[in-house]
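sequence? don't have it. structure:
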């Protein structure tokens, strides 16, 4: 195939969120028990897919467990510890689950009494199905990438930059993987894209960072 015409079909996605079937958590012990028993898809949703959930602001913490502990239980210590977890650093969801439980266990050992939230403020365990669809946009060379990137939705950025790490052989993003088709001249951009410390970025912030990095390189048709 001609390296100048390797197609990249841009996709978008949305979530179909459903309740997991687990009882809600009213306190830290409940939270620990449910996390220990829930399916990996629940763990994944509350650590990864939550970026796609509609929100009116961007909380200090990027996973749902830390946000709930902070906002509803008012436990700044546990919220900070959970909020510092970098989920993409773990080799598996089970490793992520174990680390989360260890942090909660440590906090439980420090508390003399457990605070519970009133009805209406409990934590509901959810999971989701990701629905992927074509956008109609196709990039055939890196030059077109510079033109199309500003038009991508946040959910498309999520699919190609974050969700891609679940399905690509190198556990990396679709953009840098695609650029490997075009020779060594694109290695600096590939390296910069893969060096983004995206863990605590919101999707709009991640898009801004992607655009900023690409602006450092000359557009090549």
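Perfect, thanks for sending it. Since this is a predicted model, take the numbers as computed values, not measurements. Residues are numbered from 1 along each chain as shown.

all contacts plus neighbour counts: C-alpha atoms, from now on.
OK.

do you know how far residue 120 is from residue 61?
Per Cα to Cα, to the nearest Å, residue 120 is found 21 Å from residue 61.

what about the strands in the protein?
Under the criterion DSSP state E, the chain contains strands at 8-19, 126-139.

just to revisit the earlier point, between residue 120 and residue 61, which is the more surrounded one?
Under the criterion of other Cα atoms under 10 Å, the comparison of residue 120 against residue 61 puts residue 61 first, with 20 against 7.

angles on the backbone of the more buried one, please.
Backbone dihedrals for residue 61, given as degrees, to the nearest 10, come out at phi -120, psi 150.

tell me which residues in the lowest-mean-pLDDT helix or strand in the chain are buried?
For the chain, using mean pLDDT, DSSP states H and E, the weakest element among its helices and strands is helix 142-148, scoring a mean of 91. Buried residues in helix 142-148, counting neighbours by 16 or more other Cα atoms under 10 Å, are found at 142, 145, 146.

count of residues packed around the closest residue in space to residue 136 that isn't next to it in sequence?
Once its chain neighbours are removed from consideration, residue 136 has its nearest residue in residue 10; the separation is 7.1 Å (Cα to Cα, 6 or more residues apart in numbering). By the measure other Cα under 10 Å, the count of residues near residue 10 is 20.

who's in contact with the residue most central in space within the chain?
In the chain, the residue lying closest to the centroid (Cα atoms, centre = their mean) is residue 48, at 3.6 Å. Taking Cα atoms under 8 Å, 6 or more residues apart in numbering, we find residue 48 in contact with 63, 87.

for it, give me the pLDDT.
Residue 48 carries a pLDDT value of 93.

kindly provide the distance from it to residue 23.
Look at residue 48 and residue 23: by Cα to Cα, they are 21 Å apart.

over to residue 75?
Counting by Cα to Cα, the gap from residue 75 to residue 23 is 21 Å.

where do the helices sit along this structure?
Remark: helices assigned in the chain by DSSP state H are 28-37, 40-47, 64-71, 76-83, 93-110, 142-148, 154-157, 174-179, 187-194, 203-215.

could I get the ones you listed in TSV, plus columns for distance to residue 131?
As requested, the helices of the chain are arranged in TSV below (distance: least, Cα to Cα, whole Å):
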stretch	distance to residue 131
helix 28-37	25
helix 40-47	14
helix 64-71	21
helix 76-83	28
helix 93-110	21
helix 142-148	22
helix 154-157	11
helix 174-179	17
helix 187-194	26
helix 203-215	18
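
minimum distance to residue 14: which of these has it?
Shortest distance between residue 14 and the helices of the chain, using Cα to Cα, is found for helix 154-157: 7.0 Å.

output the contacting helices and strands for the closest one.
Using 3 or more Cα pairs under 8 Å, 6 or more residues apart in numbering; DSSP states H and E as the contact criterion, the neighbours of helix 154-157 among helices and strands are strand 8-19, helix 203-215.

let's have those in JSON lines, adding mean pLDDT and distance to residue 107.
Written out in JSON lines, the entries for the helices and strands packed on helix 154-157 read as follows (pLDDT from 0 to 100; distance: least, Cα to Cα, whole Å):
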{"stretch": "strand 8-19", "mean pLDDT": "95", "distance to residue 107": "27"}
{"stretch": "helix 203-215", "mean pLDDT": "93", "distance to residue 107": "30"}
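
and of those, who's closest to residue 109?
Closest approach to residue 109 among the helices and strands packed on helix 154-157 (Cα to Cα): strand 8-19, 30.1 Å.
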